[in-house]
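Colleague: Quick check, what structure comes out for this input:
(one chain, ligands or ions: 3)
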Amino acid sequence: MPQQWVQEQTDTDLEIQRLLKQSSQLPRHIAIIMDGNGRWAQERGLPRYEGHREGINSVRDIVKASATLGIQYLTLYAFSMENWKRPKQEISVLMELLQYYLKVETPELKANNVRLQAIGKLNALPKRVYRQLLRSINETADNTGLTLTLALSYSGRWDLVRAMQLIALDIRRGKLSPEDITEELVSSYLLTADLPDPDLVIRTSGEMRLSNFLLWETAYSEIYITHKYWPDFRRNDLYQALVDYLRRERRFGLTSEQIRQQRQQFDNVEYLLRHDES
Ligand code: IPE
Ligand code: IPE
Ligand code: MG
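Modeller: Residues are numbered from 1 along each chain as shown. Ligands and ions are numbered 1, 2, ... in the order given. Take a look at the predicted model:
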């Protein structure tokens, strides 16, 4: 039987989520560049793929925490178009792991109302993986909770070029004229057309770059970079990122008393994070 994620939550976790939910400013869309798997493994004298394997446990925990917290959109950068240039053996382990994750996790995603999607040049994936991905997407298509989008064989520039080609084709067909090209129109031709722009982008492992991730969509995103490697990044690290994000938000229109009260809530979350033994 697939697990109900709310039933797995500890009392501290429930309390942290309760406090965070009191903020009306939680991000609608969180996008994460999951980086540092290789270094995590190498620092332990392990082969790089062990880092990818452990990274799956982080994916599970972050998906569960986001879903129970009521985040609407979570986008995970799992494999870039540039990553095809990695050694064949590493690519094949990553593809195996992706297939395994999708197969094992789909029933739980289904049971927890998560809708799976993917963006990227998906037909570049090995056939088996591509078929499993489509199956998982279909099986979760009617879910109405968290929308989990995997960026696979993804490149932000590639998606922009693709959009420009489609726009040019529609102009040639007479469906559009150049004056129709607005920011909204460009957004509507991207693979992310159905997603709001990310409010918060998280990158693990300390690198200060976007690596071709959601170039158009991140124009106004808040960026949070942590030195933790992805396999070490778990729900408490997500909560810390959220507290940081919420503190950064400017709250025009509120009184200073209201802002003080909200800040107090974040202090309470940080207190719980410091004392969480679980
Ligand atoms: C992220 O970890 C996973 C993918 C890019 C697929 P890396 O494999 O990039 O790990 P590092 O950055 O080499 O440590
Ligand atoms: C970015 O990580 C891509 C993913 C997390 C899937 P990389 O490790 O490939 O990025 P660079 O090469 O350090 O920029
Ligand atoms: Mg990397």
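Colleague: which stretches of the stretch 101-250 of the chain form helices?
Modeller: Assigned by DSSP state H, counting those that start in this stretch, the stretch 101-250 of the chain shows helices spanning 127-139, 156-172, 183-189, 235-248.
Colleague: near ligand 2, which residues of the stretch 51-200 of the chain show up?
Modeller: Selection of the stretch 51-200 of the chain residues close to ligand 2 by Cβ under 6 Å from any ligand atom yields Tyr77, Ala78, Phe79, Ser80, Asn83. For every residue, glycine as well, the C-beta is placed using N, CA and C.
Colleague: what's in contact with the host helix or strand of the second one?
Modeller: Secondary-structure element containing Ala78, defined by DSSP states H and E: strand 73-80. Contacting residues not belonging to strand 73-80 are listed as 28-34, 59, 62-63, 66, 94, 98, 119-120, 146-155, 195-196, 198, 211-214 [Cβ atoms under 8 Å, 6 or more residues apart in numbering].
Colleague: among the residues you listed, which ones are buried?
Modeller: Neighbour-count burial (16 or more other Cβ atoms under 10 Å) is assigned, among those, to 29-34, 59, 62-63, 66, 94, 98, 119-120, 146-155, 195, 198, 212-214.
Colleague: ok, which of these also contact ligand 1?
Modeller: Contacts with ligand 1 within these, counted by Cβ under 6 Å from any ligand atom: Met34, Leu94.
Colleague: Asp170 versus the residue of the stretch 151-278 of the chain found nearest ligand 2, what's the distance?
Modeller: Closest residue of the stretch 151-278 of the chain to ligand 2, Cβ to the nearest ligand atom: Ser211 (3.6 Å). Computed as Cβ to Cβ, to the nearest Å, the Ser211 to Asp170 distance reads 30 Å.
Colleague: Tyr189 too?
Modeller: Between Tyr189 and Asp170 the computed distance is 9 Å (Cβ to Cβ).
Colleague: Which of the two has more residues huddled nearby?
Modeller: Taking neighbours as other Cβ atoms under 10 Å, Tyr189 and Asp170 compare with Tyr189 leading, 18 against 15.
Colleague: For the more buried one, which non-adjacent residue is spatially closest?
Modeller: Using Cβ to Cβ, 6 or more residues apart in numbering and skipping the chain neighbours, the partner closest in space to Tyr189 is Ala163 (3.8 Å).
Colleague: now Gly36
Modeller: Ser205 (2.8 Å).
Colleague: My guess is the one you found contacts Lys228. True?
Modeller: Yes - assessed by Cβ atoms under 8 Å, Ser205 is found in contact with Lys228 at 7.3 Å.
Colleague: residues contacting Ser136?
Modeller: By Cβ under 8 Å, 6+ apart, the contact set of Ser136 is Leu102, Lys103, Glu105, Thr106, Leu109, Leu116.
Colleague: out of those residues, which one sits closest to ligand 2?
Modeller: Leu102 (16.2 Å).
Colleague: who's in contact with that closest one?
Modeller: Leu102 sits in contact with Val129, Gln132, Leu133, Arg135, Ser136, where contact means Cβ under 8 Å, 6+ apart.
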